[in-house]
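Student: sequence unknown, structure follows:
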C-alpha cells in the first residue's frame with residue numbers, strides 16, 4: 001500500500017532539524033542534516049505504520065490534504 005505523509009522540518013538553534021509528521025500523532029524524529037532528517041523520518045514512519053497495521057488500526061495519511069503557506073505582515 002502507498003501512503004503519503006507531509007513532513008515539517010524545524011531547524012534547531014544548535015544545529016540539525018527536528019521532523020514532525022502531523023498525520024501520525026507523536027511521530028517526531030531528528031537529523032543533523034536535512035538528508036539525515038529525511039532518512040530518520042522515513043524509518044520512524046515505517047515503524048509507526050507497521051505498528052498500526054499489526055494492531056489492525058487504520059493508517060492515516062496526507063494523500064487528500066491540501067497545504068498552504070500564508071505570510072502576514074503586521
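Tutor: Sure thing, it's come through. None of these values were measured; they are calculated from a predicted model.
Student: buried set for stretch 37-44?
Tutor: Neighbour-count burial for stretch 37-44, counted by 16 or more other Cβ atoms under 10 Å, picks out 37-38, 40-41, 44. C-beta coordinates here come from the backbone N, C-alpha and C atoms, glycine included.
Student: then stretch 10-25?
Tutor: For stretch 10-25, a neighbour-count test (16+ other Cβ under 10 Å) marks 16-17, 19, 21, 23-24 as buried.
Student: keep only those of these that are in helices.
Tutor: Among the buried residues of stretch 10-25, DSSP state H puts none in helices.
Student: would you list the residues you listed in CSV and tack on distance to residue 1 and pLDDT?
Tutor: CSV is the format used below for the buried residues of stretch 10-25 (distance: Cβ to Cβ, whole Å; pLDDT from 0 to 100):
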residue, distance to residue 1, pLDDT
16, 31, 98
17, 28, 98
19, 22, 98
21, 17, 97
23, 14, 96
24, 15, 97
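Student: hang on, the earlier thing: which of the buried residues of stretch 37-44 lies closest to residue 6?
Tutor: residue 41 (10.7 Å; Cβ to Cβ).
Student: element containing that closest one, please.
Tutor: helix 34-55 (DSSP states H and E).
Student: list just the nearest of the buried residues of stretch 10-25 to residue 60.
Tutor: Taking Cβ to Cβ as the measure, residue 60 lies nearest residue 23 of those, at 4.8 Å.
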